[in-house]
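> turn this into a structure:
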Amino acid sequence: MTADSHALATTGEHTPLAGLAHDTRGGISNVVLGMLLFITSEVMFFAGLFAAYFNTRASNHPWPPDEFAHILNPFSIILVATIILISSSFTCQLAVWAIRRSDRTGFLRNIAITFVLGVVFLLLQAYDYSLLFEEGMTLGSGPFGTTYFTLTGFHGAHVFGGVIMLGVVLYRGMSGQFSSRHHDAVEAASLYWHFVDVVWILLFSILYFL
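Take a look at the predicted model:
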């Protein structure tokens, strides 16, 4: 038992961050472990969606259908959205590195940029959807339309959840709740954000290039 823990045990005093400080002994915190387990379940979820996509693709020829072959242009607004999402993963990691060394200014700046980039990605995806709708491609446009909007729609929902998570982290950071000893929530949010980034890279490659 350390001197601090002995004092807490004998006096009954505690601080607002007691029990929430970042584990400096080399272990993994419950918050980060919980996020890793959640991401594992999400990997299985998206693996099921990918399996359904490839099974549907193998059963339908040509793929994509002739009426939609010209619509999915990888060198369009969707490429801009992809670059933005990949960039946001870098700024998110910069925020993690900053808070690890107690650079609150760098942390807040980079997490705010990540949050904004995430919102911009969602707006660009919504705009891309509107373009597809104008071309007559919808969720009901046969197996191709169904699988495309299911995959990208579920990913968009995960990005939306990540944006909310980043917003909460940003708000808490502005309130001074994070430091080099207390930033497990930042680590967990960054893991989730990297995950949705990797999933989008796979989706973009499969849907637009394979």
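> which helix or strand lies directly C-terminal to the helix or strand where Phe107 lies?
Phe107 is part of helix 104-134, with elements assigned from DSSP states H and E. Sequence-wise, the next helix or strand downstream of helix 104-134 (DSSP H and E) is helix 142-174.
> what helices and strands are in contact with that following helix?
helix 30-59, helix 77-100, helix 104-134, helix 184-209 (3 or more Cβ pairs under 8 Å, 6 or more residues apart in numbering; DSSP states H and E). Placement of C-beta: from N, CA and C, glycine included.
> wait, which of these is closest to His155?
helix 184-209 (5.8 Å; Cβ to Cβ).
> how far away is Ala157 from Tyr129?
For Ala157, the distance to Tyr129 equals 13 Å [Cβ to Cβ, to the nearest Å].
> name the residue in those two with the higher neighbour count.
Counted by other Cβ atoms under 10 Å, Ala157 and Tyr129 do not tie: Tyr129 has more neighbours, with 16 against 12.
> ok so, going back, now the helix holding Phe107 and helix 184-209, what's the angle there?
Here the directions of helix 104-134 and helix 184-209 differ by 30 degrees (axes from the mean of the first three to the mean of the last three Cα atoms, to 10 degrees).
> now for helix 104-134, which elements pack on it?
helix 77-100, helix 142-174, helix 184-209.
> which residues does Thr147 contact?
52-53, 56-57 (Cβ atoms under 8 Å, 6 or more residues apart in numbering).
> give me that answer again for 7 Å
Thr147 makes contact with 53, 56, according to Cβ atoms under 7 Å, 6 or more residues apart in numbering.
> then Thr150?
By Cβ under 7 Å, 6+ apart, Thr150 lies in contact with Leu49.
> for this structure, which spans come out with low pLDDT?
Along the chain, the model assigns pLDDT under 70 to residues 1-27.
> tilt between the helix holding Phe107 and helix 77-100?
160 degrees.
> so how far is helix 104-134 from its chain's centroid?
Chain-centre distance of helix 104-134: 11 Å, with Cα atoms, centre = their mean, to the nearest Å.
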